[in-house]
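>>> Sequence first, then the predicted structure, then my questions.
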Amino acid sequence: MSLKKVTTTALMAALIFVVTFVIRIPLPGGYVNIGDVPVYIGAYLLGGPFGALAAAIGAGLADMMGGFPAYAIPTIIIKACMGLVCGMLMRGRGFIAFVLASTLGGLIMVAGYAIFEILFFNINMAIADLGGNSIQWAAGVIVAAALYPAVKKLGSTLRIQESRPPQDIRNKPDK
C-alpha cells in the first residue's frame, strides 16, 4: 500500500462527500444526488477495496452531515458494495467495462436502498423511492461515462493501480 494510494483514497472520499452533500435535489423523505459519479471514478482509479473504502466514508458522512443519520449505515454498506464491485470489474479494462460496471453499481444502489426500506420502513416507501433512485442511477452512469476520457487520463497519470504498473523501458526489445 503506497502513500499515493492512501492519499488518493482520502481525496476520493472527500470528493464523494462534497458532491453528494452539495449537489442534491430534495425529495420527500430523502434526496437524489450525483454522488455516484465520484464513486465510479474512485472505483476505477483505486480498484475494489480502496474504492469501497472511499465510497463508504464519503457517502456515509454525507448522510450524517446532511440530516439523514438513519440512512448512514445502509449507505456505508451499499456504497462500499458499489465501490468494491465496480473497482473489481473496471480494473485495467476499457470504456465498455467502465460503463457496465457503473451500471451494475447503480443497480446495487437501487436494490440496496429498496431492501433497506422494505425491512426497516415499509414496501410503500421503497416503491415511492424507486423512481428517484432510478434517476440517480441513470444520471450517475451517464455523467461518469461522459467523464471517462478524463478519468482514464488521470488514472494513467496517477499510476496507483497494481494491475497497471509503469512500463520498464529497459526490458523492451529493440525494434
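Thanks, I have it.

>>> so where's the chain uncertain?
29, 161-175 (pLDDT under 70).

>>> at 50 what do you get?
163-170, 175 (pLDDT under 50).

>>> Quick one: residues contacting the residue sitting nearest the centre point of it.
Centroid check for the chain by Cα atoms, centre = their mean gives residue 39 as the closest residue, at 1.8 Å. Contacts here follow Cβ atoms under 8 Å, 6 or more residues apart in numbering; on that basis residue 39 touches 16, 51, 54, 55, 58, 59, 79, 82, 83, 86, 105, 140. Backbone N, C-alpha and C define where each C-beta goes, glycine included.

>>> Once you drop chain neighbours, what's closest to it?
Among residues not flanking residue 39 along the chain, residue 55 sits closest, at 4.5 Å (Cβ to Cβ, 6 or more residues apart in numbering).

>>> What separation do you get for that neighbour and residue 28?
26 Å (Cβ to Cβ, to the nearest Å).

>>> next one: residue 93
Applying Cβ to Cβ to residue 93 and residue 28 gives a distance of 39 Å.

>>> and what of residue 85?
Noted for residue 85: a distance of 30 Å to residue 28, by Cβ to Cβ.
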